[in-house]
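Enquirer: Next come a sequence and a model predicted from it.
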Amino acid sequence: MSRPIKKRTVQEPPKIQGMKPIGVPVRFLESIILSIDEYEAIRLADYEGLDHQKAAEIMCISRPTFTRLIEKARGKLAESIVAVKELIIEGGSFSFISDLIRCLDCGEVSRFDNPNSIPQTCPDCKSRNIVHLNQWFSVGRGHRRGGQGFRGDHGGW
């Protein structure tokens with residue numbers, strides 16, 4: 001019996017739920033799932049430019065585990081691009097450190113390190129039309145099988 005997967009620390013939720021190739025209807029696409037922790041590994045190593053040891057420390061995992069995670073994530077990204085597949089970001093064993101909100105009127109994304117400090121209005125334009133991005137990735141949310149992508153309550157991607 002394998003041991004349970006330890007929750008990986010993720011600094012903040014992704015700003016999108018996935019991506020699809022332009023010009024190809026979803027019904028013709030296969031999809032590939034990139035887990036939240038794989039997304040975080042890509043963000044830390046390839047976007048932020050951190051070495052594996054530092055990124056592993058941030059995610060509260062070992063360096064060898066981080067290396068396996070980033071290799072798996074890079075393979076999925078390559079498959080999505082080369083094989084023309086829809087990329088869906090969901091799942092995995094993770095916990096967020098910060099919360100993000102997006103204003104659906106001005107597009108501003110704001111980060112909050114204290115969940116009790118999340119406003120009911122956009123800090124930039126004061127609109128009440130905001131979405132809490134962490135909720136996109138909560139338990140019970142996800143991709144619908146059968147070739148259709150998850151669109152979520154707020155338009156998805």
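Expert: Now that the structure is in, tell me what you want to look at.

Enquirer: Can you give the domain ranges for this protein?
Expert: The chain is divided into the following domains under automatic domain parsing: 1-97, 98-142.

Enquirer: Please produce JSON lines containing those, extended by mean neighbour count and mean pLDDT.
Expert: C-beta here means a position set from N, CA and C on the backbone, and glycine is covered the same way. Below are the domains of the chain laid out as JSON lines (neighbours: other CB atoms under 10 Å; pLDDT from 0 to 100):
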{"stretch": "domain 1-97", "mean neighbour count": "16", "mean pLDDT": "93"}
{"stretch": "domain 98-142", "mean neighbour count": "14", "mean pLDDT": "85"}
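
Enquirer: what about residue 33, which SS state?
Expert: The three-state assignment at residue 33 reads strand, by DSSP: H, G, I helix; E, B strand; the rest coil.

Enquirer: Surely it and residue 85 touch.
Expert: No: Residue 33 lies out of contact with residue 85 (CB atoms under 8 Å); the separation is 10.1 Å.

Enquirer: Can I take it that residue 116 is in a helix?
Expert: Yes: checked against three-state DSSP, residue 116 lies within a helix.

Enquirer: now it: how far from residue 99?
Expert: In this view, residue 116 and residue 99 are 10 Å apart by CB to CB, to the nearest Å.
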